[in-house]
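> Quick one, fold the following:
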Amino acid sequence: MYQNRMGLKVVSTNVGFQFSSPCFTSPKLLNLRKDSFMLRSTQVEQISFTQSENSLIEALLGIQGRGRSSSPQQLNAVERAVQVLERLGGVPNPTDSNLIEGRWQLIFTTRPGTASPIQRTFVGVDFFSVFQEVYLRSNDPRVCNIVSFSDAIGELKVEAAASIEDGKRILFRFDRAAFSFKFLPFKVPYPVPFKLLGDEAKGWLDTTYLSHSGNLRISRGNKGTTFVLQKQTEPRQRLLTAVSSGKGVKEAIDEFISSNRTTGDEDPELKEGEWEMIWNSQTTTDSWIENAANGLMGKQIIGKGGRIKYLVDILLGLKFSMTGSFVKTGSKTFDITMDDAAIIGGPFGYPVELKNKFSLELLYSDEKIRITRGYNKILFVHTRTG
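Next comes the predicted model:
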């Protein structure tokens, strides 16, 4: 037994929406359509937020399943940012404003897996897009919730007759719903007898914040659910949505890097802290230890003095740890040497004979997200934790 440079005792051995109703989901609110990920022109859209709005957007970044996979700390950060905006106030009497009209993308909800069958089935799944359409200034005022399965398959649209009660409250009553499949020339009714549901088909929705840009909305429903919706999302949000859904990630990376080309650091550094790997461009192999040693899973911890560590939770309290060092060799390139691996159980470490050397290119980095090209030219997306 001896003490290695990780400070471990090492034993010598050679040893992974609710809306307030039964049909609640707003169709297409959360995930972007596939073509939304494509860089359609050389001009990248710029979306501006106030400082307080940006605090909410920052808190939402990295939360998957529109809130289903959020930690208590993430939920607290979102709720604090929501409360700040509600106290500040946005557009007065939002239901009287034209800014509330149109299609909204659902970004977050505090109850993605409860309430209606639609909410439980679709809202917490990033693969589907979820939207809400609000049209109050027509002969037939409506609020429509839409789940978009994909451009090739179609969508489920649940509609409600709507009316304005006051400056922030919309009253609604669901009255029809249908599937529209691309491969069928007719709609398929959604089998819910709204007329027999009585008060269960009714509800209300308060808009507690509507941005002056008309791009961000916070609403609270009659069942206590909070919703955060946007009309347009910026490239970083689209990248994380693409990662969550597994669709169009490389295109979203290209768009994101292009949009930040003029604002990025000319001489970036590997920022200290814990970075969780959320996506890579290579399918993992059957060997978990090979995946861990190549940084294809778990966390990457950047320390002081050019120190770097991979840390992967295996099972039953066991962790895989691999430490090394990095040296900057160019404006955005680093040489990485990983040469001290161990399986850790409590205070003990069991060394593993592994070494890895490669060049890492830092394509983008800020306080929240990092994109690199690393081992074997694999693209990585990391988000900062803690």
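> Which element is encountered next along the chain beyond the helix or strand of the chain with the lowest mean pLDDT?
None of the helices or strands of the chain scores lower by mean pLDDT, DSSP states H and E than strand 9-10, at a mean of 37. Going down the chain from strand 9-10, the next helix or strand is helix 51-60, by DSSP states H and E.
> Could you give me the buried positions within the very next helix or strand once past that next one?
Using DSSP H and E, the helix or strand that follows helix 51-60 in sequence is helix 72-88. When neighbours are counted by 16 or more other C-beta atoms under 10 Å, the buried residues of helix 72-88 are found to be 74, 77, 78, 81, 82, 85. Where C-beta positions appear, they are placed from N, C-alpha and C, glycine not excepted.
> Can I get helix 72-88 in PDB? Just the C-alpha atoms.
The C-alpha trace of helix 72-88 is given here as PDB (Å, rounded to 0.1, in the frame of the first residue of the first chain):
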ATOM      1  CA  PRO A  72     -33.400  20.500  -6.500                       C
ATOM      2  CA  GLN A  73     -30.600  23.000  -7.000                       C
ATOM      3  CA  GLN A  74     -31.600  23.600 -10.600                       C
ATOM      4  CA  LEU A  75     -35.300  24.000  -9.700                       C
ATOM      5  CA  ASN A  76     -34.400  26.500  -7.000                       C
ATOM      6  CA  ALA A  77     -32.300  28.500  -9.400                       C
ATOM      7  CA  VAL A  78     -35.100  28.600 -11.900                       C
ATOM      8  CA  GLU A  79     -37.800  29.500  -9.400                       C
ATOM      9  CA  ARG A  80     -35.600  32.400  -8.000                       C
ATOM     10  CA  ALA A  81     -35.100  33.700 -11.500                       C
ATOM     11  CA  VAL A  82     -38.800  33.400 -12.300                       C
ATOM     12  CA  GLN A  83     -39.800  35.300  -9.100                       C
ATOM     13  CA  VAL A  84     -37.300  38.100  -9.900                       C
ATOM     14  CA  LEU A  85     -39.000  38.600 -13.300                       C
ATOM     15  CA  GLU A  86     -42.500  38.400 -11.800                       C
ATOM     16  CA  ARG A  87     -41.600  41.100  -9.200                       C
ATOM     17  CA  LEU A  88     -40.000  43.300 -11.900                       C
END
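> quick one, it and helix 51-60 angle?
160 degrees (axes from the mean of the first three to the mean of the last three C-alpha atoms, to 10 degrees).
> helices or strands up against helix 72-88?
Where contact means 3 or more C-beta pairs under 8 Å, 6 or more residues apart in numbering; DSSP states H and E, helix 72-88 is packed against helix 51-60, strand 202-210, strand 216-221, strand 226-230.
> With mean pLDDT, mean neighbour count and distance to residue 144 added, can I get these in a markdown table?
Below are the helices and strands packed on helix 72-88 laid out as a markdown table (pLDDT from 0 to 100; neighbours: other C-beta atoms under 10 Å; distance: least, C-beta to C-beta, whole Å):
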| stretch | mean pLDDT | mean neighbour count | distance to residue 144 |
| --- | --- | --- | --- |
| helix 51-60 | 89 | 18 | 23 |
| strand 202-210 | 94 | 21 | 12 |
| strand 216-221 | 94 | 24 | 14 |
| strand 226-230 | 93 | 25 | 13 |
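> what about the protein, any weak spots by pLDDT?
Applying pLDDT under 70 to the chain picks out residues 1-47, 64-65, 111-127, 262-266, 386.
> 50 - rerun?
1-45, 112-113 (pLDDT under 50).
> Quickly list the domain ranges of it.
34-237, 268-385 (automatic domain parsing).
> In TSV: those, plus distance to residue 256.
Output for the domains of the chain, formatted as TSV (distance: least, C-beta to C-beta, whole Å):
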stretch	distance to residue 256
domain 34-237	4
domain 268-385	7
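> looking at those domains, which is closest to residue 246?
Closest to residue 246 of those is domain 34-237 (C-beta to C-beta; 7.1 Å).
> centre of the chain versus the closest one, how much separation?
Centroid displacement of domain 34-237 relative to its chain, using C-alpha atoms, centre = their mean, to the nearest Å, is 15 Å.
> looking at the helices and strands packed on helix 72-88, which is closest to residue 92?
Closest approach to residue 92 among the helices and strands packed on helix 72-88 (C-beta to C-beta): strand 202-210, 9.1 Å.
> follow-up on the earlier one: for the helices and strands packed on helix 72-88, which one sits closest to residue 365?
Residue 365 lies closest to helix 51-60 among those, at 15.4 Å (C-beta to C-beta).
> Report the angle between that closest one and strand 202-210.
Here helix 51-60 points in a direction 120 degrees away from that of strand 202-210 (the same axes, to 10 degrees).
> what's helix 51-60 in contact with?
Contact with helix 51-60 is made by 49, 74, 77-78, 80-82, 84-85, 88, 107-108, 211, 216, 228, 234, 237, 368, as judged by C-beta atoms under 8 Å, 6 or more residues apart in numbering.
> residues touching residue 346, list them.
Neighbour list for residue 346: residue 317 [criterion: C-beta under 8 Å, 6+ apart].
> Can you tell me how far it is from residue 319?
As for residue 346, its distance to residue 319 is 10 Å (criterion: C-beta to C-beta, to the nearest Å).
> does residue 212 count as helix, strand or coil?
With DSSP: H, G, I helix; E, B strand; the rest coil as the basis, residue 212 sits in coil.
> Tell me what the nearest residue to residue 332 once chain neighbours are set aside is bridged to.
Ranked by C-beta to C-beta, 6 or more residues apart in numbering and with sequence neighbours excluded, the top spatial neighbour of residue 332 is residue 362, at 4.8 Å. Per DSSP bridges, the residues bridged to residue 362 are residue 372.
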